[in-house]
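attaching a predicted model along with its sequence, questions to come.
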Amino acid sequence: MPGWWHDPAVAIMVNRAVPAHRLFTGISWRHLAYLVEELVAPWQAGVEGRRHAARGGARKRAAGAGARHQRVFVDRLVATLIHLRHDLPHAVLGLLFGVDRSTVTRAIAEVRTLLAARGCAVPDRRGLRLRTLADVFAYARAEGTELRPDATEIQVRRPPSGRGGRRAFVSGKKKQNTMKATVIADHRGRTLWTDALRPGRMHDATAARNEGIAICFQHFPDVEVLLDDGYLGLSRDHRGQAITPPRRPRLRALPGRVEQRERDRHWHSSDRITVEHALADHKRWKQLTRWTHRRDRLPDTYRAIASLVPDRTIHV
């Protein structure tokens, strides 16, 4: 056996190209280069802003002086993507990149915020992104497409005992502590928007109303939205725009009426299945299968992942 095998000082050396592989980050090399080009300037501006606030004024030394970053922005972005994709602990990522755990924690917090603020890519229109619900409705009206919202739940930790609001996260559907995300997709399963996340106990229609969907229905009366049975209240308030599956006919209805209703429900379900595909794309990122970190960080995490998934439509 080689002598160096027993040396406790042997360091783990990792090729820098390996962590950036698609198996680790979940995105292609081309997509990674696109993200670096897009985010490096806002990241640097944020760093300089925090330094300016810490100094209490302008820089007093020559430009370029002072300590250097232990890891460049590309390494910070790759570490964040690995954390989002595989939920590796910060200490493991610190060992992988040769830095302290606190450095990884700070880098992930910075990059995750930038990713969450990107919004979702507009299909076939590079450079345009949708960030608000009004943007999505305006896009649907311009393109003449139907929107397909749906809600999904992510299991989270139970709030500590002795604090108010513990029951707010108990989902009536899953009987677990969850947070609920409302996602909108188009007819091809491309994510267009996701909300700020709500406690799991909140009803799907209530979560959509809190995001202002009723106001969007008023300002965009020609936009149609395909919904499931969880949004019957919206269908009642906005007939002709909020479309839900047909209701069950009366007991004495003719057989032809019953068969027509089944065909209509099948068509409606087939037309809405694309939003389920979009949600499945999100859940491929391990952090969204079960959230074990602080609940206040989940909204930014979900929006960060939701901003990465639709980028495939702009060929990056």
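Yes, it's here.

ok, which stretches of this protein are helices?
22-25, 29-55, 73-86, 90-97, 101-116, 133-143, 204-210, 213-219, 232-237, 255-283, 298-308 (DSSP state H).

ok, His282 - contacts?
152, 183, 191, 288, 302, 305-306, 309 (C-beta atoms under 8 Å, 6 or more residues apart in numbering). For the C-beta atoms, the positions are set from N, CA and C on the backbone; glycine is no exception.

report the rounded mean pLDDT for stretch 17-25.
Over the span of stretch 17-25, the pLDDT mean works out to 88.

let me fix that, I meant to ask about stretch 163-181.
On average, stretch 163-181 scores 88.

chain center to that stretch: distance?
Computed by C-alpha atoms, centre = their mean, to the nearest Å, the chain-centroid distance of stretch 163-181 equals 20 Å.

repeat for stretch 112-131
That offset, for stretch 112-131, works out to 11 Å (C-alpha atoms, centre = their mean).

and it, which residues are buried?
Within stretch 112-131, the residues that count as buried by 16 or more other C-beta atoms under 10 Å are 112, 114-116, 118-123, 129-130.

other residues contacting it?
38-39, 42-43, 46, 80, 84, 135-136, 139, 186, 188, 190-194, 297, 299-301, 303-304, 306-308, 310-311, 313-315.

same question, stretch 219-238
134, 137-138, 140-141, 146-151, 203-205, 208-209, 213-214, 216-217, 240-245, 268, 271-272.

using CSV, write out the CA atom coordinates for it.
Provided in CSV are the C-alpha atoms of stretch 219-238 (Å, rounded to 0.1, in the frame of the first residue of the first chain):
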residue,chain,number,x,y,z
HIS,A,219,-58.0,43.8,-16.2
PHE,A,220,-57.7,41.0,-18.7
PRO,A,221,-61.2,39.8,-19.4
ASP,A,222,-60.2,37.9,-22.5
VAL,A,223,-57.7,35.6,-20.8
GLU,A,224,-59.0,32.0,-20.0
VAL,A,225,-57.6,30.0,-17.1
LEU,A,226,-58.1,26.2,-16.8
LEU,A,227,-58.6,25.2,-13.2
ASP,A,228,-59.3,22.0,-11.3
ASP,A,229,-62.1,21.4,-8.7
GLY,A,230,-60.1,23.2,-6.0
TYR,A,231,-60.9,26.5,-7.6
LEU,A,232,-64.7,26.3,-7.9
GLY,A,233,-65.0,29.6,-6.0
LEU,A,234,-63.1,31.4,-8.7
SER,A,235,-65.2,29.7,-11.4
ARG,A,236,-68.3,31.0,-9.8
ASP,A,237,-67.0,34.5,-9.4
HIS,A,238,-65.4,34.8,-12.9
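
Serialize the buried residues of stretch 112-131 to CSV and add fields for distance to Val223 and pLDDT.
Formatted as CSV, those follow (distance: C-beta to C-beta, whole Å; pLDDT from 0 to 100):
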residue, distance to Val223, pLDDT
Arg112, 31, 97
Leu114, 30, 96
Leu115, 28, 97
Ala116, 26, 96
Arg118, 24, 94
Gly119, 19, 93
Cys120, 17, 93
Ala121, 20, 91
Val122, 16, 87
Pro123, 16, 78
Arg129, 19, 92
Leu130, 14, 94
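
if anything else comes up later, I'll come back, but that's it for now.
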